[in-house]
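A.B. asks: Make a model of this:
(one chain, ligands or ions: 1)
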Amino acid sequence: MKLEPRETALPGADIASAASCAAPVVRLRGVGKTYGQIHALADIHLDVQAGEMLAIVGPSGSGKTTLLNLIGLLDKPSTGAIEVLGEPTACLSAAGYARRRQSSIGFVFQSYNLIPVLDALDNVLLPLRLGGRTSAAQTAQARELLDEVGLDGHHHKRPDRMSGGQRQRVAIARALIAKPSLVIADEPTASLDGGNVHAAMQLFQRLNRTHSVTFVFSTHDERALSYMTRSIRLCDGHVRDGDKR
Ligand SMILES: Nc1ncnc2c1ncn2[C@@H]1O[C@H](COP(=O)(O)OP(=O)(O)OP(=O)(O)O)[C@@H](O)[C@H]1O
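C.D. replies: Just a heads-up that it's a prediction; the model follows:
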């Protein structure tokens, strides 16, 4: 794995190194983001390699969510260049950004963003339904994913009948249904208690290996870091030294 300067490899980096010859899943060069007078991010250089589980850590207000939004093509940078799967994004229209997002990137939001009136299966199928009708094969795939994340027997439960950990698992299955190359998870352990933190991270790690999906997380949670292949630390919108746990 090619480490960028100012970053630190973590246990498990061997998994990512095997895939490091290919173009990065995401490449940022000199990326900055300003909101009016606020410089949320400045001069970010980052390659996310296929197979990585990368943590973005840093204090509140350091720019973690802003960086996730740029990596996930939810927002455009003010300066610098972003490539996704080797393709520059600078010239993409809003529709082009959305298409690239839908085809390549899955999201696990902190509040899970499940639709309350839909059961687990229909929540997982939602990203496919937004693009048209779903096939029997896709429904079977959604069922398999729900089983894989430990929700066999819960396919027809609505979110309000599930625990927080179960809701998160539905959100993880939904993030994977369109077979993305990259999944972005914002503070995935923030609402979980101790046992569930490790269960969730073990699940992410298993999916990272079995589905060959690259994960980028933002986290404040030290317990989650041992599952990562790498972390970068943000401070006032700049990448500082890697994590020195
Ligand atoms: N839409 C916005 N408009 C104006 N300022 C913003 C906006 N989004 C973020 N900021 C500012 O950019 C900086 C970085 O915010 P960001 O949310 O990325 O930090 P963070 O590290 O994710 O924080 P937290 O851990 O509290 O979620 C902060 O100063 C924040 O106030």
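
A.B. asks: drop to CA atoms for contacts and neighbour counts, all remaining ones
C.D. replies: Will do.

A.B. asks: Measure how far stretch 47-57 is from the centre of its chain, please.
C.D. replies: Offset of stretch 47-57 from its chain centre (C-alpha atoms, centre = their mean, to the nearest Å): 9 Å.

A.B. asks: quick one: is that stretch near the ligand?
C.D. replies: No - against the ligand, stretch 47-57 shows no contacts by C-alpha under 6 Å from any ligand atom, the least distance being 7.9 Å.

A.B. asks: Span of that stretch from start to end?
C.D. replies: Using C-alpha to C-alpha, to the nearest Å, one end of stretch 47-57 lies 16 Å from the other.

A.B. asks: and residue 33, how far is that from residue 130?
C.D. replies: Taking C-alpha to C-alpha, one finds residue 33 at 30 Å from residue 130.

A.B. asks: between the two, who's got more neighbours?
C.D. replies: Just comparing residue 33 and residue 130: by other C-alpha atoms under 10 Å the higher neighbour count belongs to residue 33, 23 against 9.

A.B. asks: Surely that one and residue 75 touch.
C.D. replies: No - applying C-alpha atoms under 8 Å, one finds residue 33 not in contact with residue 75, separated by 9.5 Å.

A.B. asks: Sheet-wise, list the partners of the helix or strand harbouring residue 41 with their directions.
C.D. replies: Here residue 41 sits within strand 38-48, counting by DSSP states H and E. Counting by DSSP bridges, the strands paired with strand 38-48 are strand 26-35 (antiparallel).

A.B. asks: ok, and what's touching the partner strand?
C.D. replies: 39-49, 66, 71, 77-86 (C-alpha atoms under 8 Å, 6 or more residues apart in numbering).

A.B. asks: What residues of it count as buried?
C.D. replies: 26, 27, 28, 31, 32, 33 (16 or more other C-alpha atoms under 10 Å).

A.B. asks: mind listing what the residue nearest to the spatial centre of the chain touches?
C.D. replies: Geometric centre of the chain, nearest residue: residue 184, 1.1 Å, by C-alpha atoms, centre = their mean. Taking C-alpha under 8 Å, 6+ apart, we find residue 184 in contact with 68, 72, 105, 106, 107, 108, 215, 216, 217.

A.B. asks: May I ask which two of the residues you listed are separated the most?
C.D. replies: Spatial extent of the contacts of residue 184 (C-alpha to C-alpha) is set by the pair 105 and 217 at 13.0 Å.

A.B. asks: Many thanks, we can stop here.
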